[in-house]
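**Q** Coordinates for the following, if possible.
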Amino acid sequence: MATDLTAVNDEAHFWLNGYVNKQNCRIWSEANPQVYLETPLHPEKLTVWCALWTGGIIGPYFFKNDEGHNVTVNGDRYRAMITNFFIPELNNHDVQELWFQQDGATCHTARATIDLLKDTFGDRLISRFGPVNWLPRSCDLTPLDYFLWGYVKSLVYADEPQTLDYLEDNIRRVISDIRPQMLEKVIENWTSILDYIRANRGSHMPEIIFKM
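**A** Down below sits the predicted model:
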């Protein structure tokens, strides 16, 4: 399997207030234990999907309902994205023999989703319940997790967006501005990591330094 023909994909939340903790958070006041401060229980956010390969970045795709409201991803929405967005984008690039890699999120691994992906990619599917199994606890092996999401989030909040539409525009702009030379370095780094893992038979990677 050649890494230069592998598309890795994933989703990320972008909170309007820049909130980064995935858990709801309540902070108690030190001055009076009976008085506490709360972060919003459901702050406004965007759920964004991208795929990354040597040919570039496909996306961003923003999960929205039929009324255009922002929503989180589930199995039906993920399959709709694959069918209506990702596959047509691949066809536009005339990509042949592409491997598709995804993590073990429930929306990714529902039976209907796996059937759809097998119909599309055949045995070239790296996923839990797929022909090639996704390695458990290996999210940091994907360039989206160790590069893309952190890089984009480091830039999109610089001008303190006050609306989701403005935040969405920032995300589109930052991703579109990523140059091929940067992606080449990311893919080279990813290839080195995979070579290291194979050589060490899946052990921890204390010597690996992620470079841009």
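**Q** from here on, contacts and neighbour counts on C-alpha atoms
**A** Noted.
**Q** buried set for stretch 123-130?
**A** Judged by neighbour count (16 or more other C-alpha atoms under 10 Å), stretch 123-130 contains these buried residues: R124, L125, I126, S127, R128, F129, G130.
**Q** Quick check: end-to-end length of that stretch?
**A** End-to-end span of stretch 123-130 (C-alpha to C-alpha, to the nearest Å): 8 Å.
**Q** can you pull out the strands in the protein?
**A** 6-15, 26-28, 36-38, 45-53, 56-62, 99-101, 125-126 (DSSP state E).
**Q** elements contacting the helix or strand that the last one is followed by?
**A** Beyond strand 125-126 in the direction of the C-terminus, DSSP states H and E gives the next helix or strand as helix 143. For helix 143, the helices and strands in contact under the criterion 3 or more C-alpha pairs under 8 Å, 6 or more residues apart in numbering; DSSP states H and E are helix 180-199.
**Q** From the chain's centroid, how far away is the helix it packs on?
**A** Taking the mean of its C-alpha atoms, helix 180-199 sits 17 Å from the chain's own mean (C-alpha atoms, centre = their mean, to the nearest Å).
**Q** again, but for stretch 77-95
**A** For stretch 77-95, the gap between its own C-alpha mean and the chain's C-alpha mean amounts to 15 Å (C-alpha atoms, centre = their mean).
**Q** Quick check: mean pLDDT of that stretch?
**A** Over the span of stretch 77-95, the pLDDT mean works out to 90.
**Q** got it, and stretch 15-22?
**A** 67.
**Q** going forward can the numbers begin at 6, since that is how I track them
**A** All right, first residue 6 from here; so that's stretch 20-27.
**Q** can you redo the buried residues of stretch 128-135 as TSV with pLDDT?
**A** Listed next are these as TSV, based on pLDDT from 0 to 100:
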residue	pLDDT
R129	92
L130	92
I131	87
S132	88
R133	88
F134	88
G135	88
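**Q** circling back: tell me which of the strands of the chain sits nearest to I176.
**A** strand 61-67 (7.8 Å; C-alpha to C-alpha).
**Q** Adjacent strands (with direction) for the closest one?
**A** The pairing partners recorded for strand 61-67 under DSSP bridges are strand 50-58 (antiparallel).
**Q** Mind putting the buried residues of stretch 128-135 into a markdown table with distance to H113?
**A** As requested, the buried residues of stretch 128-135 are exported to a markdown table (distance: C-alpha to C-alpha, whole Å):
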| residue | distance to H113 |
| --- | --- |
| R129 | 15 |
| L130 | 12 |
| I131 | 11 |
| S132 | 8 |
| R133 | 9 |
| F134 | 10 |
| G135 | 10 |
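**Q** so which of these comes closest to A115?
**A** Minimum distance to A115 across these is 8.9 Å, recorded for F134 (C-alpha to C-alpha).
**Q** Just list the residues touching that closest one, thanks.
**A** For F134, the contact set (C-alpha atoms under 8 Å, 6 or more residues apart in numbering) comprises T114, I119.
**Q** If we use 10 Å, what do you get?
**A** Remark: with contacts taken as C-alpha atoms under 10 Å, 6 or more residues apart in numbering, F134 is in contact with G109, H113, T114, A115, R116, I119, D120.
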